[in-house]
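> With the input below, show me the fold.
(one chain, ligands or ions: 1)
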Amino acid sequence: MSPVTHGLLSWVLAQTPGITTRKDRALITIAGLAPDLDGLGIVVQWATANSAHPLEWFSEYHHRLAHNLTAAVICALAFASIAQRKLLVGVLAFLAFVLHLVGDVIGAKGPDGHQWPVPLFAPFHQWEWTWAGQWRLDSWQNLVITGVLVIITIIVACRRGWSPVEIVSPRADAAVVATFRRWFGPRPGTDAR
Ligand SMILES: [Zn+2]
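Just a heads-up that it's a prediction; the model follows:
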């Protein structure tokens, strides 16, 4: 799935009762995006494509390095160690990470038909997780899931007073929330926190 879908899904997960700080919500959201860090090699691959020594870091490492349970555990432990609600953030960060892997297995088929298998037990075992019913990255299913997540995000923003933008900038987030409330209510000062 696209980083936008992964990000919204883990941000919605971060609304679990007990998670009350911006930092903890951010950690859970970032955990849901973290597997795709192994795709950053695409920059190097593009940059060296026409050179004498092309580096195929995207082809070699995307869906290998970080799309596995070992990386999920490392990420959950690291994020729990700096979180406020350590145990809860650790569990939810692990869940967000695994949800990303599930999302890729069910809905990330490339335009060329490549399934981008997920080596769930790497580096200990080379078994690769695929699903025959996998839909394409640009499919209507992903569009519907993303649309539903956007609606939930807007509802949370109107009711609770924060959106995923808070991760980048609380000031910009306040403007986004104010805009959503103007469009969809409730007005600030009603049931707004
Ligand atoms: Zn991924």
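> and the protein, which residues reach the ion?
35-36, 104 (Cβ under 5 Å from the ion). Using the backbone N, CA and C atoms, a C-beta is placed for each residue, glycine as well.
> Separate out the buried members of those.
For the residues of the chain next to the ion, a burial check counting by 16 or more other Cβ atoms under 10 Å picks out 35-36, 104.
> hang on, the earlier thing: just put the residues of the chain next to the ion in a markdown table and tack on secondary structure.
Shown next, in a markdown table, are the residues of the chain next to the ion (DSSP: H, G, I helix; E, B strand; the rest coil):
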| residue | secondary structure |
| --- | --- |
| P35 | helix |
| D36 | helix |
| D104 | helix |
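> Return the per-residue confidence for the residue lying farthest from the centre of the chain.
Going by Cα atoms, centre = their mean, the residue of the chain most distant from its centre is A52, 35.4 Å out. For A52, the pLDDT comes out at 91.
> element containing it?
Using DSSP states H and E, no element contains A52; it sits outside every helix and strand.
> Please determine how far it is located from P3.
Distance check for A52 against P3: by Cβ to Cβ, to the nearest Å, it reads 32 Å.
> Ok, A31 next?
According to Cβ to Cβ, A31 stands 13 Å off from P3.
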